[in-house]
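Student: below are the sequence and a predicted model for it; my questions follow.
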Amino acid sequence: MILANKSAIVTGSTSGIGLGIARAFAAEGANVMLNGFGDAAAIEQIRHEIAGTGPGKAAYHAADMSKPAEIADLVAKTAASLGSVDVVVNNAGIQHVAPVENFPIERWDAIIAINLSSAFHTTRAALPLMKKAGWGRIINVASAHGLVASGEKTAYVAAKHGVLGLTKAVAIECADTGVTCNAICPGWVLTPLVQKQIEARAAEQKISVEKARNTLLGEKQPQLQFTTPEQLAALAVFLCSPAAANMQGSQLVSDGGWTAQ
């Protein structure tokens, strides 16, 4: 098992991409610290499921990823309860769609805080532990929107471009430490976040949800298929493997041809 005796924090892991990565890490032997919002009973069920997936432990921390003090506590509690912090997956994210002149200031601030600043704060807190151990993996879940832009998503696009800049800078700093920092750039993934966008589009255009789904894909991804959380989880596992030991500052793109156009 690639992650036997390793401990991983996966932010935003109570659903979607983060949950897929948490499951894959547990199957590879890792202890996993879950994080995210949701119903307490449902989160405990997820934690119990993850704990039964492999030989490692599973825990949960309710850190609000917009608050640096809670992020620092997340890292400290992971080290204390799981024994180490070997892998960090910065995945937590939110979205809001509006023209720039109408974009609510508080939504801009929230998206930058959760989608970009949280990756900095988590990395900043975890990196000394990884350097001391001489091994670590930082995986930032960016987006195709970290490479190209779409209208009415100024905060999200700015944040994801920033995540890729952060990835490169941290990679350079860590080049001789045994710690790597890389990014995964998905295109459309059918997560609860994207499902809300599809439903909003259907309501706005007075079309079926199925048609809204197909038009959403057709505008960006020539392959006309959603990337799955399981596919992205496999990329995250690969980035933790010996085969990826010399990868630093890379962007692994899984977007159905979106950014190839």
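Tutor: Nice, thanks for sending it over.

Student: can we go C-alpha only for contacts and neighbour counts from here?
Tutor: Will do.

Student: which SS class is residue 183?
Tutor: For residue 183, the assignment made with DSSP: H, G, I helix; E, B strand; the rest coil gives strand.

Student: now swap in residue 74 and tell me
Tutor: Going by three-state DSSP: residue 74 is helix.

Student: hang on, it packs against residue 60?
Tutor: No. Using C-alpha atoms under 8 Å, residue 74 is not in contact with residue 60; the gap is 9.1 Å.

Student: the more surrounded of those two?
Tutor: Neighbour count, other C-alpha atoms under 10 Å: between residue 74 and residue 60, residue 74 has more, with 26 against 21.

Student: show the contacting residues for that one.
Tutor: Contacts for residue 74 (C-alpha atoms under 8 Å, 6 or more residues apart in numbering) come out as 61, 63.

Student: now it: how far from residue 94?
Tutor: Using C-alpha to C-alpha, to the nearest Å, one gets 19 Å for the distance from residue 74 to residue 94.

Student: measure residue 195 to residue 105 for me?
Tutor: Here the distance between residue 195 and residue 105 works out to 24 Å (C-alpha to C-alpha).

Student: got the buried residues for stretch 60-73?
Tutor: Within stretch 60-73, the residues scored as buried using 16 or more other C-alpha atoms under 10 Å are 60-66, 68, 70-73.

Student: CSV please, covering those residues and showing pLDDT and secondary structure.
Tutor: Formatted as CSV, the buried residues of stretch 60-73 follow (pLDDT from 0 to 100; DSSP: H, G, I helix; E, B strand; the rest coil):
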residue, pLDDT, secondary structure
60, 98, strand
61, 98, strand
62, 98, coil
63, 98, coil
64, 98, coil
65, 98, coil
66, 98, coil
68, 98, helix
70, 98, helix
71, 98, helix
72, 98, helix
73, 98, helix
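
Student: looking at residue 195 and residue 105, which is more packed in?
Tutor: Using other C-alpha under 10 Å, the more surrounded residue of residue 195 and residue 105 is residue 195, with 14 against 11.
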